[in-house]
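Visitor: below: sequence and its predicted model.
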Amino acid sequence: MSRSSHVKLEEQITALLDSDEQQGNPLYPLLSELWEVHQELARRIDRISHISDAYQSLAKEREQSLSERVNKQLRQLEKVARISDRYQKMMRDLNIALHEASTHDPLTGLGNRRLLIERLKEESERARRNGHSFSVAMLDIDHFKRINDQYGHEVGDKVLTEVARVLDAEIREADLCGRWGGEEFIILLPETTAFDAQQVIERVREAVLHLHLHVNAENFSLSISAGIAAHHIGNSYSETVNRADGALLQAKQQGRNLCRVAADHPA
Ligand SMILES: Nc1nc2c(ncn2[C@@H]2O[C@H](COP(=O)(O)OP(=O)(O)OP(=O)(O)O)[C@@H](O)[C@H]2O)c(=O)[nH]1
């Protein structure tokens, strides 16, 4: 039954019950009682549907506020994740910068003694494992004290930087040139015999000879001396460095601007 015919029927019954003519009708009391029951049922249904509507809108509200809370928490989580990513990147950059600072010489930009020792240890280990040895060259600027004394410490620093640049430019990518200390440099040549290392270091020595420096309209050149030692598998890296240092001392004693190779077994 449609809503309009339902309303129409109700109107007809109300009209019937209100009419004086029907008061004597034997069906009147029954219809009247039935009408009361019907109205009571209609009121109950109304109440139930009202309660059901209220319940549904409450459930909907709860659902909405729950999804709003979940969304808010998701947004907060995303924010935390973004901050954590930024923080981690900062920490990585900081670690890289710290490692760079702790392994590099601030004046020349070359690796420092710490980096050289790290690599020397690694190379001795690698040589022990695969049988391919390496050579170490120790280089020292000749009469560097005179440069400092004559032109001042600042010029001395400039000379160190220029020499470092030349040394680094002359070696292969696999080699490592670092500042051992003061005016001493070490070049580590992996998988290289003393003979081959000597060719490289002679070339480096020549390149330094061709470096012309200008101070107060004055030109001057300089030289380096070098000592080379091939690493003996089983020896420590410091034994090899000491042998290279011994060869350097020979080069100095024999007149400087020279490159000497350490004997395989020191006398
Ligand atoms: N400008 C400057 N000088 C330094 C630095 N480190 C060490 N020196 C100087 O380097 C000089 C080294 O002098 P010496 O060890 O006597 O050797 P040298 O004059 O080079 O003589 P030989 O090595 O015998 O040819 C010293 O005067 C040190 O003060 C530095 O970072 N900058």
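Guide: Good, I have the coordinates. Numbering: from 1, shown residues only.

Visitor: give the next helix or strand downstream of the top helix by length along the chain.
Guide: Assignment by DSSP state H gives helix 28-103 as the longest helix of the chain. Toward the C-terminus, helix 28-103 is succeeded by helix 113-130 as the next helix or strand (DSSP states H and E).

Visitor: could you pull up the mean pLDDT of that next one?
Guide: When pLDDT is averaged along helix 113-130, the result is 96.

Visitor: my guess is Val204 meets Ala164, correct?
Guide: No - if you go by C-beta atoms under 8 Å, Val204 and Ala164 don't touch, sitting 11.4 Å apart. Placement of C-beta: from N, CA and C, glycine included.

Visitor: so which strand or helix has the residue of the chain found nearest the ligand?
Guide: Per C-beta to the nearest ligand atom, Gly156 is where the chain lies closest to the ligand, at 2.6 Å. In the assignment (DSSP H and E), Gly156 maps to helix 153-170.

Visitor: send me that helix as PDB with only the CA atoms.
Guide: What follows is helix 153-170, C-alpha atoms only, in PDB (Å, rounded to 0.1, in the frame of the first residue of the first chain):
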ATOM      1  CA  HIS A 153     105.800  30.200   6.500                       C
ATOM      2  CA  GLU A 154     102.900  31.200   4.300                       C
ATOM      3  CA  VAL A 155     105.000  30.700   1.100                       C
ATOM      4  CA  GLY A 156     106.200  27.400   2.600                       C
ATOM      5  CA  ASP A 157     102.500  26.400   3.000                       C
ATOM      6  CA  LYS A 158     101.800  27.400  -0.700                       C
ATOM      7  CA  VAL A 159     104.800  25.300  -1.800                       C
ATOM      8  CA  LEU A 160     103.500  22.300   0.100                       C
ATOM      9  CA  THR A 161     100.100  22.700  -1.600                       C
ATOM     10  CA  GLU A 162     101.600  23.100  -5.000                       C
ATOM     11  CA  VAL A 163     103.900  20.100  -4.600                       C
ATOM     12  CA  ALA A 164     101.000  18.000  -3.300                       C
ATOM     13  CA  ARG A 165      98.900  19.000  -6.400                       C
ATOM     14  CA  VAL A 166     101.800  17.900  -8.800                       C
ATOM     15  CA  LEU A 167     102.300  14.600  -6.900                       C
ATOM     16  CA  ASP A 168      98.600  13.800  -7.000                       C
ATOM     17  CA  ALA A 169      98.300  14.700 -10.700                       C
ATOM     18  CA  GLU A 170     101.200  12.400 -11.700                       C
END
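
Visitor: for that helix, buried residues please.
Guide: Within helix 153-170, the residues that count as buried by 16 or more other C-beta atoms under 10 Å are 155-156, 158-160, 162-164, 166-168, 170.

Visitor: again with stretch 179-189
Guide: 179-180, 183-189.

Visitor: so for Pro266, what's the pLDDT?
Guide: What the model reports as pLDDT for Pro266 is 51.

Visitor: before we move on, back to that, filter the buried residues of stretch 179-189 down to the ones in strands?
Guide: Judged by DSSP state E, the buried residues of stretch 179-189 include 179-180, 184-189 as members of strands.

Visitor: take those and write them to CSV, including pLDDT.
Guide: CSV is the format used below for these (pLDDT from 0 to 100):
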residue, pLDDT
Arg179, 98
Trp180, 98
Glu184, 97
Phe185, 98
Ile186, 98
Ile187, 98
Leu188, 98
Leu189, 98
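
Visitor: just checking, Glu186 touches Phe134?
Guide: Let me fix one detail, which is that residue 186 is Ile and not Glu. No - look at Ile186 against Phe134 with C-beta under 8 Å: they stay out of range, at 11.7 Å.

Visitor: so which helix or strand takes in Cys177?
Guide: strand 176-181.

Visitor: residues in contact with that strand?
Guide: 105, 107-108, 110-113, 115-116, 119, 138, 160, 164, 167-168, 171, 185-188 (C-beta atoms under 8 Å, 6 or more residues apart in numbering).

Visitor: okay, it in CSV with CA atoms only?
Guide: Below are the C-alpha coordinates for strand 176-181, written out as CSV (Å, rounded to 0.1, in the frame of the first residue of the first chain):
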residue,chain,number,x,y,z
LEU,A,176,97.3,7.0,-3.1
CYS,A,177,99.3,10.1,-2.3
GLY,A,178,99.1,11.4,1.2
ARG,A,179,100.9,13.8,3.5
TRP,A,180,102.9,11.7,6.0
GLY,A,181,103.8,14.8,8.1
